[in-house]
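K.L.:
coords please:
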Amino acid sequence: MKAYEIINYLENYFPLELQMDFDCCGLQIGNRNKEIKKVYIALNADNETLQACIEQDCQMLITHHPFLLEKIKNMDVNEHQGYFISLAMRHDIVVYSLHTCLDRGKNGISMNDWLVNQLGVHGIECYDHYEVGKKAILNQPMEGNTFIKKVKETFHLEHVKYSKNTNKTIEKIAICGGSAADDLEILADQVDCYITGDSKYRHAKYAIDHDCLLIDPGHHLEVIFEKELQKLLDNLPIDTQIHESKDYFNYE
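P.N.:
From the prediction side, this is the model:
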């Protein structure tokens, strides 16, 4: 297949016009007319994933986080940005990213639809006007500490941080992968628990003050992108491989 055919297929699910104003989704580097036999799927567009793409004889790297989201200051090949660009161009790799257009999605296919459905819920709906975050009702309500364990088991997490108000029943939940802790202010009176990454000390205080359990599994929760996008691409006559990305942080 040509790269543009894969791109058109994906943009039927995740149109670029859905991306946020700050974002830079779509083609990052490369030739739309490149013949693609094998696609490499990774959460992040970085030198590690690009090198792996090349080593696995893939012609296209598809990521969630865009390479061009970070402002490019120069093309020095001794710096990480210049090195990434020169390596991609030298090996004729097409680099393409779906970020907030995939976070929004449509027809029940999006980052947070993928995440919330893993938890056994019904009544899924968007909680914000951007149509990114999701709220839903657990099929089986449970005590706070039990739900924390369920989140860890479901998403294969060794560590999460959470507010200390765990002594409550969790039935209504909300989730937003990535970094959306400020949404707690619009959710605290609507749900029993909110799950998102990159929370700060003040967010935990707010959660406790408003009796809403806050669970922070980290930004890396979005790694679900890799397997779910692979499922979508299974409909195309190409081979795919996922990176199985690890968190940028280590935890002890």
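K.L.:
Only C-alpha atoms from now on, for both contacts and neighbour counts.
P.N.:
Will do.
K.L.:
For the stretch 101-250 of the chain, just list every one of the helices.
P.N.:
Taking DSSP state H, counting those that start in this stretch as the criterion, the stretch 101-250 of the chain carries its helices at 111-117, 144-154, 184-187, 201-209, 224-233.
K.L.:
Select, out of these, the one closest to residue 39.
P.N.:
Residue 39 lies closest to helix 224-233 among those, at 9.0 Å (Cα to Cα).
K.L.:
want to try JSON lines for the helices of the stretch 101-250 of the chain, with mean pLDDT, distance to residue 68 and mean neighbour count as columns?
P.N.:
Shown next, in JSON lines, are these (pLDDT from 0 to 100; distance: least, Cα to Cα, whole Å; neighbours: other Cα atoms under 10 Å):
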{"stretch": "helix 111-117", "mean pLDDT": "98", "distance to residue 68": "20", "mean neighbour count": "22"}
{"stretch": "helix 144-154", "mean pLDDT": "98", "distance to residue 68": "32", "mean neighbour count": "16"}
{"stretch": "helix 184-187", "mean pLDDT": "97", "distance to residue 68": "29", "mean neighbour count": "17"}
{"stretch": "helix 201-209", "mean pLDDT": "98", "distance to residue 68": "30", "mean neighbour count": "16"}
{"stretch": "helix 224-233", "mean pLDDT": "98", "distance to residue 68": "19", "mean neighbour count": "17"}
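K.L.:
will you turn these into TSV that also has distance to residue 40?
P.N.:
Formatted as TSV, the helices of the stretch 101-250 of the chain follow (distance: least, Cα to Cα, whole Å):
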stretch	distance to residue 40
helix 111-117	19
helix 144-154	25
helix 184-187	35
helix 201-209	36
helix 224-233	9
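K.L.:
Residue 59 is nearest to which of those helices?
P.N.:
Across the helices of the stretch 101-250 of the chain, closest to residue 59 is helix 224-233 (Cα to Cα), at 14.6 Å.
K.L.:
ok, residues contacting that closest one?
P.N.:
41, 42, 43, 64, 111, 114, 115, 240, 241, 242, 243, 244 (Cα atoms under 8 Å, 6 or more residues apart in numbering).
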